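Please work out how this folds:
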Amino acid sequence: MARVIENVRVGESPDWLKKRLDKIGIRSINNVVDVTNYLLMELGQPMHAFDAGLITAQTIIVRRARPEEKITTIDGKEHKLDKDMLVIADPGKSIAVAGVMGGADTEVNNRTKTVILESAYFNPVSVHKTSKFLKLRTESSIRFEHGVDWMTVEEALDRAAAMIAGLGKGNVLRGKIDIKTRERKPKAVTIRPERVNQILGTDIAKAEMMSILKRLGFAINGNKVRIPLFRAADISREIDLIEEISRIYGYDRIRATMPNTAFPGKETDKEDIFRSRVREIMIGCGLHEVQTYSMLGPKDFEKIGLPLEKAIPVANPLNPEEGYMRTKMLPSLLNVILHNLNRQVKDVFIFEIGKTFNPSSQKLPEEKGVLCAAATGSPFMSALDKGQIEYFYTKGIVENLLSALGIEDYKFVETISHLVQPGKGAELVNLGLLGELHPDIRRNYGLAPNNFGSGIENPVCFFEIDLDALFKLFKEEKRYKPLPKFPSVSRDIAMFVPKGLENQLILTTIRKTGAEMIENVYLFDRFKDSLAYRIVYRNPERTLTDAEVNSKHEEIAQNLESKLNVRVRR
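Residues are numbered from 1 along each chain as shown. Got it, this is the predicted structure:
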């Protein structure tokens with residue numbers, strides 16, 4: 001919308017206008033520009049004044065910017081426009097960036113005689129995008145972004161034309177140009193007083209609610225609330241009106257209550273209980289839980305000797321070092337250990353419950369629940385005993401985990417995995433892998449001495465277990481087992497074992513030989529190739545005699561020597 005004022009004398013504004021502008025932080029320019037700035041603050045409607053004599057063919061067009069088009073704004077800076085930007089132009093050039101800033105070529109100056117005054121409503125989203133792209137944030141753009149009142153566009157234009165004519169001794173020509181594309185009518189929203197009180201937890205009377213809305217400029221007709229156009233951008237629903245009521249009523253008057261957290265969400269199931277139990281067991285074993293990213297970089301796969309071609313790439317990684325989904329969790333924990341060692345934290349005992357990702361024949365990758373733990377340093381708190389961690393420490397944690405979960409049917413066998421130092425690891429059949437990290441991999445991670453004598457000498461032990469497979473063996477229910485009525489008898493057996501003989505094979509042989517009498521058997525000492533086991537004998541029906549125990553113990557010793565080629569120390 002535009003109006004024309006002729007025979008304007010552009011000059012200094014009167015003192016009253018300059019003082020008012022000064023008090024709100026606006027510098028006085030001239031009587032024409034000062035009027036538009038003053039009414040911007042008074043009515044909230046941005047306007048712009050053009051020098052009609054500088055506009056080609058006295059014609060104004062509203063259009064999109066042309067490709068590669070440029071404009072110099074009134075701040076003296078040149079801007080390259082985008083084809084989606086709205087501009088005000090004459091037949092030859094752009095004379096303003098719509099809703100943001102006018103052009104320098106047509107700005108009002110002391111030689112101006114005829115003024116074209118423009119007042120408009122521009123789309124808030126369009127103005128925001130233009131302002132952001134050009135990095136031009138002005139008082140006008142801020143108002144348009146928030147949305148101006150359609151009803152004020154004409155009111156502000158008429159008032160500005162009258163003020164300019166009065167201060168500049170000009171004449172306002174009859175009529176005005178209006179190119180609005182559609183009528184905009186105020187929107188009405190229904191409000192329910194009982195709903196207001198239900199949402200706020202209050203007991204506000206309906207009359208007070210309507211009084212608050214009237215004071216804010218809303219028109220009331222029964223339960224219908226008409227939204228003024230200047231609030232149409234931020235109020236369109238009943239909940240918006242409730243927010244306005246609560247704001248004026250006073251948040252301090254609304255009683256604080258605990259939210260009702262009951263909701264029909266996911267109930268705790270057996271798998272949740274299982275994971276919580278695993279977490280508790282790991283913490284009870286002295287491990288600290290960590291959470292790492294599920295992505296790894298190419299270097300991580302190379303360091304640990306995993307094929308990168310089997311990993312699933314991330315489409316748009318934020319970091320090149322996190323460009324692939326992990327196929328094993330161990331590299332993530334080794335990075336955590338390295339991070340701690342670099343900060344002089346020598347004893348690191350950590351675990352993580354997470355997922356690994358492997359390609360599958362389906363559209364989505366195979367996600368597998370995994371428990372992984374890694375440790376280095378000394379597991380002993382005593383300052384007198386600072387022995388370094390070894391494979392049997394992590395094996396003990398795994399056995400403790402299996403026992404606490406009620407899993408008895410498991411088996412350790414020799415492993416040939418490249419991750420494990422030969423002779424210092426095992427495969428937990430169908431469940432996972434454990435052992436001491438291979439020195440080559442430690443060296444790749446800077447966790448072992450290199451050719452220059454630097455690095456960390458301490459071993460790193462780990463285990464990685466398939467949680468999904470472990471869950472299938474989990475026994476949630478505990479069966480009551482009465483305490484034994486009869487005493488147990490313990491006997492130790494020590495032996496020299498040939499190289500390569502598995503501990504599991506020795507345990508199996510002992511259990512099979514004394515199945516009806518053995519309650520428990522475990523390795524409790526070792527020195528080089530000598531191993532010592534403790535066998536606990538018990539009969540649930542009666543007390544065993546020394547003669548019975550000694551006879552069975554000797555039978556076990558003979559079986560071990562004949563079947564496994566060990567030499568029992570007697």
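
now F463, what's its secondary structure?
Put simply, F463 is strand when judged by DSSP: H, G, I helix; E, B strand; the rest coil.

and the gap between the residue nearest to it when sequence neighbours are not counted and I337?
Nearest residue to F463, sequence neighbours excluded (C-beta to C-beta, 6 or more residues apart in numbering): L434, at 3.5 Å. For glycine as for every other residue, the C-beta is placed from the backbone atoms N, C-alpha and C. For L434, the distance to I337 equals 16 Å [C-beta to C-beta, to the nearest Å].

Bridging across strands, which residues link to V115?
Taking DSSP bridges as the rule, V115 bridges to I5, D51.

if we can go back for a sec, just give the number of residues close to the residue nearest to F463.
A total of 26 residues lie near L434 under the criterion other C-beta atoms under 10 Å.

and it, that one's in a strand?
Yes: if the criterion is three-state DSSP, then L434 is within a strand.

what's near enough to touch it?
L434 makes contact with Y391, T394, K395, V398, G425, A426, L428, C461, F462, F463, E464, according to C-beta atoms under 8 Å, 6 or more residues apart in numbering.

Quick check: of those, which has the highest neighbour count?
Result: C461 is most packed of these (other C-beta under 10 Å), 28 neighbours.

Can you give me every residue that contacts that residue?
By C-beta under 8 Å, 6+ apart, the contact list for C461 reads A374, A375, T376, I389, E390, Y391, Y393, T394, L434, G435, E436, L437.

ok, the last one - how many residues close by?
This means L437. Neighbours of L437 (other C-beta under 10 Å): 26.

phi, psi of it?
L437 adopts backbone torsions of phi -60, psi 140, taken as degrees, to the nearest 10.

Assess the claim that it and V460 are in contact.
Yes: between L437 and V460 there is a contact at 4.2 Å, judged by C-beta atoms under 8 Å.

domain assignment for the chain?
Per the record, the chain has its domains at 2-172, 187-253, 270-473, 489-569, by automatic domain parsing.

which regions of this protein sit below the pLDDT cut-off?
For the chain, residues meeting the criterion pLDDT under 70 lie at 181-184, 259-268, 380-387, 447-457, 476-478, 480.

Show me where the stretch 401-550 of the chain has its helices.
Assigned helices in the stretch 401-550 of the chain, in chain order: 439-444, 467-473, 503-513, 546-564 (criterion: DSSP state H, counting those that start in this stretch).

could you dump those to TSV with distance to G103 and mean neighbour count?
As requested, the helices of the stretch 401-550 of the chain are exported to TSV (distance: least, C-beta to C-beta, whole Å; neighbours: other C-beta atoms under 10 Å):
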stretch	distance to G103	mean neighbour count
helix 439-444	63	18
helix 467-473	67	16
helix 503-513	86	16
helix 546-564	97	15
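
Kindly reformat those as CSV containing distance to V172.
Shown next, in CSV, are the helices of the stretch 401-550 of the chain (distance: least, C-beta to C-beta, whole Å):
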stretch, distance to V172
helix 439-444, 83
helix 467-473, 81
helix 503-513, 103
helix 546-564, 114
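
and P91, which of those helices is closest to it?
Across those, P91 has its closest neighbour in helix 439-444 (70.9 Å, C-beta to C-beta).

Could I get the CA-only coordinates of that closest one as CSV?
The C-alpha trace of helix 439-444 is given here as CSV (Å, rounded to 0.1, in the frame of the first residue of the first chain):
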residue,chain,number,x,y,z
PRO,A,439,50.8,-57.6,22.1
ASP,A,440,50.6,-56.5,18.4
ILE,A,441,47.2,-54.9,19.0
ARG,A,442,48.4,-53.3,22.2
ARG,A,443,51.3,-51.9,20.2
ASN,A,444,48.9,-50.6,17.5
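
Which strands or helices does that helix pack on?
Counting contacts by 3 or more C-beta pairs under 8 Å, 6 or more residues apart in numbering; DSSP states H and E, helix 439-444 packs against helix 298-304.

Could you check how far the helix it packs on is from the centre of its chain?
How far helix 298-304 lies from its chain's middle: 26 Å, per C-alpha atoms, centre = their mean, to the nearest Å.

buried set for that helix?
D300, F301, K303, I304 (16 or more other C-beta atoms under 10 Å).

now swap in stretch 164-180 and tell me
Quick answer for stretch 164-180 (16+ other C-beta under 10 Å): I164, A165, L167, G168, G170, V172, K176.

Which residue ranges of the stretch 51-200 of the chain form helices?
For the stretch 51-200 of the chain, helices defined by DSSP H, counting those that start in this stretch occupy the ranges 124-134, 139-146, 150-168, 193-200.

Quick one: those helices as a markdown table, columns for distance to F349 too.
As requested, those are exported to a markdown table (distance: least, C-beta to C-beta, whole Å):
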| stretch | distance to F349 |
| --- | --- |
| helix 124-134 | 50 |
| helix 139-146 | 55 |
| helix 150-168 | 68 |
| helix 193-200 | 50 |
